[in-house]
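Participant: Got a sequence here, can you build the structure:
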Amino acid sequence: PGRSVIGIQGVMAMIVFGRAPQSLRESAALALVVFIGGTAQTTMQLLIRLPVGLRTQRSAIGDVFTQLAGLARHGPGQWSTSVARSLDNALATLDSAALFGRTDIQALRSMADEARRMRLELIAIDGLLRRLPDRHGTARSIERAREQLGLVMEEVAEALTAFGSPGPPAAGDRPPVWPDSTATLEVFDAAEAGAAGAGDLAPAVVRHFRALAGQLRATTRLVAQATDVRFGSLLAATPSVPRPMTSELRTAWGLLAENLTSASPAFRHAVRLAVVVPALGIAAQHAGLSRSYWVPLSAAVVLRPEYVATLTRGLARMGGTIVGVGMIGAVIGGLHPGMAATVALAALTGWGAFSFYQSSYGIGVAFLTGLVLLLVTVGQPGSLATTGYRLLDSVIGGSVALVAYLSWPTWSREEAQQLLTRLVASQRRYVAAVLEGFTAAGPASSEDLRGARTHCHRLAYADAQSAVGRSLAEPRARRIDPEVSRGILAALRRLIRAAHSLRTEMIEGADIQGMEHFADAVDDSLSAVEDGMTGAMSVVRLPPLRSIFHRIDQTGAGSSVPLPVLIQLDEVVNAIDTVAELMGASDPDPPS
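Facilitator: Sure thing, here's the model as predicted:
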């Protein structure tokens, strides 16, 4: 979103300032004035900013981690239900359009995702512990680890619900615990040593504990993003590594290269802007309209890459502009406010604009239009005439933008298929890297696994899900098939979760007989799905994954292949078969 904002602001700056070419000195002076205004606004934001804007959301996530602490210490039962209920409540508080794009809310959403994974890990641990014999103090080591987990989770909850500014603790305050990650892992090592000889279950328990440790490290980083408060050595032990500039440039160029086609919504949007905005600017200047730059500016704001956003935004903008001009025109023409009243009106309209802009665009535009008119008309001659020109220019620009879009529309079906294809491709790389860890080649390096996982980050899923949602809001004849697209998204989510679970089960030397054949079949299947999505969203036939899996199951069940691995391999097969069935593939061999 940050890059998009830069681009949009750049277009608006060219429209507003480009209408009157000036000398280099005058342009530099104008740039300095704009810079001073932006700096003043940013400085004020930093000075008066209080971490209370998300008080409800942070409290809800804090309650989730409080319940998780109880689950870590006491096991499932009522605690599992309490965590689930708290998670549902927290997700409900985060589901607001007004919060879209905020980095702190994204951090809270990620913390909810981590909490959900922790809940599943803790439930799995409890199930394994019931069958784990107590040898050499195994129970005591496990209890120490569970207590340590509960302690960290409580500190996470306290950090989220401490709404004051960070600073040194007051006298008598208990300092944050935040156990050192090394000490925490030593507890797990002790649990592993104590469980030696207790059967195959002990290593599985320890692996789940280590997965929890990684999730907690991720959570502490997210606490810093959500609260601007950095606590403890657990966070310091895992510093973030900035991506090199060359990697950022490769990613940016890759995105640009993908969109250099007439089928890309971004490309078509760029062409529409490049034609409509200059044409309107030239036409408005020759028509002699006062403040003619408002015409192309309105068109640039209304035009969006997708159908629904352009129509709803265009109509809402024109309606909001009419209301805003009417309100402020009546106030200026009827009351002739002085300086003090103007300041109060500016505060009121500014509050309304930023309060409603994301959640209700039409209302936000009405307040924003009023704010702009106040700033440019009060104290100037012909104020009422200026409000009339604002109304006329906005209606002209918005109307032309709508006509231009409908003349050359972009339907989101192609974009949805493109992003679904990209999601399958990224998951294919990650699943291949994970399955390789169960072959003779052995586990890939942590850097390779991290790189493959980065490509199938949840952002790729969110992009595909968002594109599918936009397509489903379009006319029925133009939208993507709802049953197929939603089913594919659900199956791909199951696939990536199974891959994550398999990654936690990887151990050195885990060469499973037949896994290479299975991994090749999975790769071929996902490759066929990827190719099918680029065309008619159909695939003819896939390799017999179910039969290949059954051979692994029959060969390794009860002996060389751990039960959790078999369960997740079965989930991989089910997820891919679901995608294939939704895309019309014939079943190579019915499941037994």
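Participant: Break down the stretch 1-150 of the chain into its helices, ranges please.
Facilitator: 2-17, 24-48, 55-74, 78-94, 103-129, 138-161 (DSSP state H, counting those that start in this stretch).
Participant: low pLDDT regions in the stretch 101-250 of the chain?
Facilitator: Low-confidence regions of the stretch 101-250 of the chain, defined by pLDDT under 70, span residues 101-104, 132-138, 163-203, 228-245, 247-248, 250.
Participant: same thing but at 80, please
Facilitator: The stretch 101-250 of the chain contains residues with pLDDT under 80 at 101-107, 127-145, 162-215, 217-218, 220-222, 224-250.
Participant: Lowest mean pLDDT among the helices and strands of this structure, which one is it?
Facilitator: One helix or strand of the chain scores below all others by mean pLDDT, DSSP states H and E: helix 232-236, with a mean of 39.
Participant: returning to that earlier point: reformat the helices of the stretch 1-150 of the chain as JSON lines; add distance to Arg429 and mean neighbour count.
Facilitator: For glycine as for every other residue, the C-beta is placed from the backbone atoms N, C-alpha and C. As requested, the helices of the stretch 1-150 of the chain are exported to JSON lines (distance: least, Cβ to Cβ, whole Å; neighbours: other Cβ atoms under 10 Å):
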{"stretch": "helix 2-17", "distance to Arg429": "25", "mean neighbour count": "13"}
{"stretch": "helix 24-48", "distance to Arg429": "40", "mean neighbour count": "10"}
{"stretch": "helix 55-74", "distance to Arg429": "32", "mean neighbour count": "22"}
{"stretch": "helix 78-94", "distance to Arg429": "29", "mean neighbour count": "17"}
{"stretch": "helix 103-129", "distance to Arg429": "21", "mean neighbour count": "19"}
{"stretch": "helix 138-161", "distance to Arg429": "32", "mean neighbour count": "21"}
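Participant: Ser485 reaches Ala467, doesn't it?
Facilitator: No: counting by Cβ atoms under 8 Å, Ser485 sits too far from Ala467 to count as a contact (9.2 Å).
Participant: For those two, list the residues in contact with both.
Facilitator: Common neighbours of Ser485 and Ala467, counting by Cβ atoms under 8 Å, 6 or more residues apart in numbering, are 416, 420.
Participant: picking up where we left off before, which stretch among the helices of the stretch 1-150 of the chain comes nearest Ser264?
Facilitator: Among the helices of the stretch 1-150 of the chain, helix 2-17 comes nearest to Ser264, with 14.8 Å by Cβ to Cβ.
Participant: Could you export that closest one as CSV, CA atoms only?
Facilitator: Presented in CSV, the C-alpha positions along helix 2-17 are these (Å, rounded to 0.1, in the frame of the first residue of the first chain):
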residue,chain,number,x,y,z
GLY,A,2,2.8,2.4,0.7
ARG,A,3,4.1,2.3,-2.9
SER,A,4,0.6,2.8,-4.2
VAL,A,5,0.1,5.9,-2.0
ILE,A,6,3.4,7.3,-3.3
GLY,A,7,2.2,6.8,-6.9
ILE,A,8,-1.3,8.3,-6.3
GLN,A,9,0.2,11.3,-4.5
GLY,A,10,2.7,11.8,-7.3
VAL,A,11,-0.2,11.9,-9.9
MET,A,12,-2.1,14.3,-7.7
ALA,A,13,1.0,16.6,-7.3
MET,A,14,1.5,16.7,-11.1
ILE,A,15,-2.1,17.6,-11.6
VAL,A,16,-2.2,20.4,-9.0
PHE,A,17,1.3,21.9,-9.4
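Participant: Show me the contact partners of that helix.
Facilitator: Residues contacting helix 2-17 (Cβ under 8 Å, 6+ apart): 30, 273, 277, 281, 293, 296-297, 300-301.
Participant: Ok, stretch 565-585 next?
Facilitator: Taking contacts as Cβ under 8 Å, 6+ apart, the residues outside stretch 565-585 that touch it are 431, 438, 483-484, 487-488, 490-492, 494-495, 497-499, 501-502, 505, 512, 518, 522, 525-526, 529, 532-533, 537-542, 545-546, 549, 552-553, 556-557, 587, 591.
Participant: hang on, Thr342 packs against Leu373?
Facilitator: No: between Thr342 and Leu373 there is no contact under Cβ under 8 Å: 11.1 Å.
Participant: Which one's more surrounded, these two?
Facilitator: More crowded of Thr342 and Leu373, by other Cβ atoms under 10 Å: Leu373, with 24 against 17.
Participant: Run a quick check on that one versus Gly324, I expect a contact.
Facilitator: Yes: counting by Cβ under 8 Å, Leu373 touches Gly324, with 7.2 Å between them.
Participant: can you redo the helices of the stretch 1-150 of the chain as JSON lines with distance to Glu306?
Facilitator: JSON lines is the format used below for the helices of the stretch 1-150 of the chain (distance: least, Cβ to Cβ, whole Å):
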{"stretch": "helix 2-17", "distance to Glu306": "13"}
{"stretch": "helix 24-48", "distance to Glu306": "29"}
{"stretch": "helix 55-74", "distance to Glu306": "28"}
{"stretch": "helix 78-94", "distance to Glu306": "24"}
{"stretch": "helix 103-129", "distance to Glu306": "21"}
{"stretch": "helix 138-161", "distance to Glu306": "35"}
